[in-house]
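Colleague: Any chance you can model this:
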Amino acid sequence: MEFSWHPVQLTIIVSACATFITFFIGLLAAYIMVKKPIKGKAIIETLFFLPLVLPPTVIGFLLLMIFGNKSFIGQAIETLFGQSLLFTVPAAVIAAIVVSFPLMYQSIKTGFLSVNENVIDAAKDLGATNNQILRKVIIPLSIKSIITGIILSFTRAFGEFGATLMFAGNIPGKTQTISTAIFFSIESGQTLNAWYYVAISILFSFVLLFISNRVKVKGLSKKSIFRHY
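Modeller: Numbering: from 1, shown residues only. Sure thing, here's the model as predicted:
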């Protein structure tokens, strides 16, 4: 079996799609959990962080039960789109979203909590709406944490294996990612191919983590924020 770039390309595409979707979900979840009075926040956050501690195979099993052909959601998707979600690229994206969400959520939440309440109060006094405060005050002042969350989530999605294997499968040229390609290259005795994928994975992850550690973003001054109102 010759080395193929398809797993690399697919992994990048899946990770990018998952990170894009996770960013908006994490942003909304963090804002609600930080700014809204909600009962049972501890329980909700525990659920948010479960993918970090659950074995990937457990996550894959749960996804199969939720989106499988015998589930209500799975049957509805098959009826609506004419095919099952199982063993498809969207399935790989969903698996990546689930495992990377906790990192995105925690990073954005940390950024939101670091914003001085006096700055937010000052913006309110100037007549800013909640939407304006989020877009022009909270997000700009949390940008370092947001960028870190994006990079970490992308890296986590990039390396996902267990849940992806169970939910999206390992179909060469279709759903095979770098992680599954490494596993099955070793299983089939193609050690050199496995080394290629391992080297690419290490290099890619190292660069992303290096950028995350070195990211330098100048904070906006209060004057630059408040001039919008």
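
Colleague: quick one: stretch 151-163 to chain centroid distance?
Modeller: Remark: stretch 151-163 is offset 7 Å from the chain centroid, using C-alpha atoms, centre = their mean, to the nearest Å.

Colleague: which other residues reach it?
Modeller: The contact list for stretch 151-163, computed with C-beta atoms under 8 Å, 6 or more residues apart in numbering, reads 11-12, 14-16, 18-19, 22-23, 26, 55-57, 59-60, 63, 95-101, 103-104, 107, 177-180, 183, 201, 204-205, 208-209, 211-212, 215. Any C-beta I mention is one placed from the backbone N, CA and C, and that applies to glycine too.

Colleague: Output stretch 115-125 as CSV - backbone C-alpha positions only.
Modeller: Below are the C-alpha coordinates for stretch 115-125, written out as CSV (Å, rounded to 0.1, in the frame of the first residue of the first chain):
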residue,chain,number,x,y,z
VAL,A,115,-12.5,40.7,31.7
ASN,A,116,-12.8,43.4,34.4
GLU,A,117,-16.4,44.0,35.4
ASN,A,118,-15.8,47.7,35.7
VAL,A,119,-15.1,47.9,32.0
ILE,A,120,-18.4,46.1,31.3
ASP,A,121,-20.3,48.4,33.6
ALA,A,122,-18.7,51.5,32.0
ALA,A,123,-19.8,50.2,28.6
LYS,A,124,-23.4,49.8,29.9
ASP,A,125,-23.3,53.3,31.3
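
Colleague: quick check: mean pLDDT across it?
Modeller: Across stretch 115-125, the average pLDDT comes to 87.

Colleague: At the geometric centre of the chain, which residue do we find?
Modeller: Compute the mean C-alpha point of the chain, and by C-alpha atoms, centre = their mean the closest residue is S100, 3.6 Å away.

Colleague: Which positions within the strand or helix carrying A18 qualify as buried?
Modeller: Take DSSP states H and E as the rule and A18 turns out to sit in helix 6-35. For helix 6-35, the neighbour count (16 or more other C-beta atoms under 10 Å) marks 7-8, 10-12, 14-15, 17-19, 21-23, 26-27, 29-31, 33-34 as buried.
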